[in-house]
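K.L.:
Here is the input, now give the coordinates:
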Amino acid sequence: MGDKAPAWLAHPSLTGLEPAAWADLLERYTRYRTDHPPVVIPGRHRGGNTGTSLLSASDQVLATVLTKRWSLQQATLATLFGVSKARIGRAVRETTPDLDALGHTVTAGAIKVTSHDQLAAIAGQRPPSP
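P.N.:
All right, here's what the predicted structure looks like:
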């Protein structure tokens, strides 16, 4: 499963992490998820795929970090990732406890971001096409 997020969304000005620290967080998250797989209760229906497909581990962490750092609405990220708002919400709910267990705290950004254009400006990018 490949990454769906545009590469510029992982820019240090958006994540609050330099590339080496971002790579380290992703590696630690992936290792943690391997060592602590999600618990699936037999017979419990988890619902259908609410996005176009599942998000990669990198996309899950990125969606969570951006949501928490910039108080982003799920619709903004859903559009950029090409998945449903429900898929972004599920990623944030599932990833947050894992990041907490890793001792990773997301530093809040200076403003509340409300649009793709604002994200792009913070990263020094052109606004994405609608």
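K.L.:
Now the residue most central in space within the chain: closest residue in space that isn't a chain neighbour?
P.N.:
For the chain, the residue nearest the mean C-alpha position is residue 63 (1.5 Å; CA atoms, centre = their mean). The shortest distance from residue 63 to any non-neighbouring residue, by CB to CB, 6 or more residues apart in numbering, is to residue 91 (4.7 Å). All C-beta atoms are positioned from the backbone trio N, CA, C, and that covers glycine.
K.L.:
Tell me which helix or strand the one you found sits in.
P.N.:
helix 85-101 (DSSP states H and E).
K.L.:
Give the other helices and strands that whichever helix or strand comes after that helix contacts.
P.N.:
As assigned by DSSP H and E, the chain's next helix or strand after helix 85-101 is helix 116-122. Secondary structure elements in contact with helix 116-122, counted by 3 or more CB pairs under 8 Å, 6 or more residues apart in numbering; DSSP states H and E, are helix 12-15, helix 74-81.
K.L.:
any idea how far residue 60 lies from residue 93?
P.N.:
10 Å (CB to CB, to the nearest Å).
K.L.:
between those two, which one's more packed in?
P.N.:
Set residue 60 next to residue 93 and count neighbours by other CB atoms under 10 Å: residue 60 wins out with 23 against 10.
K.L.:
Tell me where the model's unsure across this protein.
P.N.:
1, 43-53, 127-130 (pLDDT under 70).
K.L.:
what residues are up against the residue nearest to residue 63?
P.N.:
Neighbour list for residue 91: 55, 59, 60, 63, 64 [criterion: CB atoms under 8 Å, 6 or more residues apart in numbering].
K.L.:
surely the first one meets residue 87?
P.N.:
Yes - Residue 55 is within contact range of residue 87, at 6.5 Å (criterion: CB atoms under 8 Å).
K.L.:
what sits in contact with each of the two?
P.N.:
Counting by CB under 8 Å, 6+ apart, the residues touching both residue 55 and residue 87 are residue 81.
K.L.:
which ones are touching residue 115?
P.N.:
residue 76.
K.L.:
what's the distance between it and residue 16?
P.N.:
Residue 115 sits 19 Å away from residue 16, going by CB to CB.
K.L.:
Give me the neighbour count for the residue nearest to residue 101 when sequence neighbours are not counted.
P.N.:
Excluding the flanking residues, the one nearest residue 101 by CB to CB, 6+ apart is residue 32, at 6.7 Å. A count of nearby residues for residue 32, using other CB under 10 Å, gives 14.
K.L.:
Alright, calling it a day.
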